[in-house]
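# Test case, fold it:
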Amino acid sequence: WLFVHGGSGQFVFGDTMRYLTLADNTLSGVGYVYDGILETFRLPGYPAYLMLLRLLHAPLIVGSIIQIVLASCIAVWAYWFARTRLVLSDRSALLVGLFAAIEPIQVYYSVILLPDVLFTVAFLVTFTFALKWMDSPNVRDSIIIGTAIGIGNYIRPVMIYYPFFIALVFIALAIVRKTGLKKAVISSALIGVVAFAIMAPW
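The predicted structure follows:
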């Protein structure tokens with residue numbers, strides 16, 4: 001509806017223009033620069049997403065559609081979480097999924113070109129595999145958690161301290177259960193190493 005009535009400009013806001021400018025300047029060889037100044041505040045994850053669209057000569061509506069599809073997957077995740085983790089009835093879980101699907105702010109931010117949906121996906125991957133690790137600790141899940149945190153922080157740096165929080169949760173859980181403390185410490189260290197190794201170039 002926004003595209004039909006207002007064109008691609010409907011997906012572009014102040015912050016979007018900054019991300020687009022960073023993407024275009026990087027692609028053109030100017031560098032990661034905005035208004036002649038090296039950008040240090042906005043991380044390169046979302047500009048990289050926009051650069052990919054530019055390289056593929058895809059219109060901005062394609063970027064919006066990808067985000068809408070990812071946001072739709074978040075609704076499916078909400079259903080899964082309500083059904084399997086909260087152990088709600090199938091009908092209640094469907095309602096949770098429905099509310100997640102039609103929640104206005106999420107719907108809006110999935111349409112306009114801003115990094116919120118991509119970050120939310122990275123966060124949910126982190127959260128989901130942390131839950132999985134708590135059920136059955138293993139190295140693979142620790143690596144996935146660390147990778148999701150590292151990549152997510154290139155989109156929005158909200159999870160920069162998350163490895164420390166996860167370490168506290170894993171170690172506290174092991175102490176309460178009185179088993180698996182060594183695994184919790186090793187996994188926590190691995191998550192931190194992987195996450196910060198990914199973030200280190202920035």
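
# Are there helices or strands packed against the helix or strand of the chain with the lowest mean pLDDT, and which ones?
Ranking every helix and strand in the chain by mean pLDDT, DSSP states H and E puts helix 2-6 at the bottom, with a mean of 82. Using 3 or more C-beta pairs under 8 Å, 6 or more residues apart in numbering; DSSP states H and E as the contact criterion, helix 2-6 has no neighbours among helices and strands. Where you see a C-beta, it was placed from the backbone N, CA and C, and this is true even at glycine.

# Let me see the residues that make contact with that helix.
In this structure, residues lying in contact with helix 2-6 by C-beta atoms under 8 Å, 6 or more residues apart in numbering are 10, 11, 61, 64, 111.

# If we use 10 Å, what do you get?
8, 9, 10, 11, 59, 60, 61, 64, 65, 108, 111, 112 (C-beta atoms under 10 Å, 6 or more residues apart in numbering).

# Could you pull up the residues touching the closest residue in space to the last one that isn't next to it in sequence?
Taking C-beta to C-beta, 6 or more residues apart in numbering, and ignoring the residues beside it in sequence, residue 112 has residue 11 as its nearest neighbour in space, at 5.3 Å. By C-beta under 10 Å, 6+ apart, the residues touching residue 11 are 2, 3, 59, 60, 61, 63, 64, 67, 111, 112, 113, 114.

# Run through the residues that contact the last one.
Same thing as residue 114. Applying C-beta under 10 Å, 6+ apart, the residues near residue 114 are 11, 12, 13, 15, 16, 19, 46, 67, 108, 156.

# now do residue 156
42, 43, 45, 46, 114, 115, 116, 118, 119, 120, 122, 123 are the contacts of residue 156 under C-beta under 10 Å, 6+ apart.

# Highest neighbour count among these?
In terms of neighbours by other C-beta atoms under 10 Å, those top out with residue 46 at 26 neighbours.

# which of the contacts of residue 114 are buried?
Neighbour-count burial (16 or more other C-beta atoms under 10 Å) is assigned, among the contacts of residue 114, to 11, 12, 16, 19, 46, 67, 156.

# State the distance from the residue nearest to residue 112 to residue 39.
Using C-beta to C-beta, to the nearest Å, we find residue 11 at a distance of 21 Å from residue 39.

# so who does residue 35 touch?
Contacts for residue 35 were tallied using C-beta under 10 Å, 6+ apart; they are 18, 21, 25.
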